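Okay, here's the prediction I keep looking at, along with the sequence it came from:
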Amino acid sequence: MTLITSPFAALGRTVLGFLAMIGRVAIFAGQAIGHIVRPPFYPREFLSALINVGYFSLPVVGLTAIFTGGALALQIYSGGQRFSAEAVVPQIVAIGMVRELGPVLVGLMIAARVTSSIAAEIATMKVTEQIDALVTLSTHPMKYLTAPRVLAAILVVPALVGIGDVIGIMGGYIVGTNQLGFAPGAYITNTWNFLEASDLISSLIKGAAFGFIAAVMGCYHGMNSGRGAQGVGRATKTSVEAAAVLILAANFLLTNFFFAT
């Protein structure tokens, strides 16, 4: 009887553990939002997070977007030749970058760069007992460490997404006009006429959601890291994995919400 029930018991423990983890993350996210809107505020930490999340992420976001836009133009042109539909390259590059590739790629770059940085920083502070020192000084760790980073990510990642969208479209423009034979004026006109306000709004909303996920995952796993160097490394790795998976899942849900017919 034990041999029969043991696999089910293990499966049940795994499912319960997973649900408990979801609950802990949800509570942590709710607490982070609560600390964002309640004083005291720490503007220096907030400005530092803005620079770290936004300004220092511009190079990787720009390079990722421009190469993706160029590659997307080549792929669409190559595929369109099979159906004599090469002329749709500007329109599809624009909608592909703004609706999907721009937000997702920026979100994943933020997860790779910012989430790992936040998790490693906070986990190191925990290992070196700096978080305990904050508590001793009557400073709430969530208020001082989590709230400024989450707020900065919510505000600045949509801006990065917008910049990535523009650079990605420019990458397609460069390839289209220099390699595929499109007229510059016609390319820009087709791009501008094809995009709608709903495309831009959905892109920015996705950016805010992805920024929130990336920052919360970094803070959560940093706050709950194990002791020692191994704990810091595990927290960093797990935070990036969780952020990437949640960003892709949130992208599906938001795409379904905005564009499902």
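Thanks, I have the structure now. Numbering: from 1, shown residues only.

packing partners for the host helix or strand of residue 160?
In this structure, residue 160 sits in helix 147-178 according to DSSP states H and E. Contact partners of helix 147-178 among helices and strands, from 3 or more Cβ pairs under 8 Å, 6 or more residues apart in numbering; DSSP states H and E: helix 2-37, helix 43-53, helix 58-80, helix 89-95, helix 102-110, helix 184-194, helix 197-223. Just so you know, the C-beta spots here come from the backbone N, C-alpha and C atoms, and that holds for glycine as well.

which of the ones you listed is buried the deepest?
Highest mean neighbour count among those (mean count of other Cβ atoms under 10 Å): helix 102-110, with a mean of 26.

Can you give the distance of the following helix or strand past that helix from its chain's centre?
Per DSSP H and E, helix 102-110 leads on to helix 116-127 as the next helix or strand towards the C-terminus. Helix 116-127 sits 19 Å away from the centroid of its parent chain (Cα atoms, centre = their mean, to the nearest Å).

shift numbering so it begins at 47
Will do, 47 is the new start, and the previous item becomes helix 162-173.

Residue 277 contacts residue 271, doesn't it?
Yes: in this structure, residue 277 is within contact of residue 271 by Cβ atoms under 8 Å, at 4.7 Å.

Common neighbours of these two, please.
169, 173 (Cβ atoms under 8 Å, 6 or more residues apart in numbering).

Which of those two has more residues huddled nearby?
A count of neighbours by other Cβ atoms under 10 Å puts residue 271 above the other of residue 277 and residue 271, at 25 against 16.

Below-threshold pLDDT in the stretch 47-196 of the chain: ranges please.
47-51, 54 (pLDDT under 70).

now do 90
Along the stretch 47-196 of the chain, the parts satisfying pLDDT under 90 run over 47-89, 100-101, 121-139, 142, 170-191.

Next, the contact list for the spatially closest residue to residue 288 that is not a sequence neighbour, please.
Nearest residue to residue 288, sequence neighbours excluded (Cβ to Cβ, 6 or more residues apart in numbering): residue 263, at 4.9 Å. Residue 263 is in contact with 71, 157, 161, 165, 285-286, 288-289, 292, counting by Cβ under 8 Å, 6+ apart.
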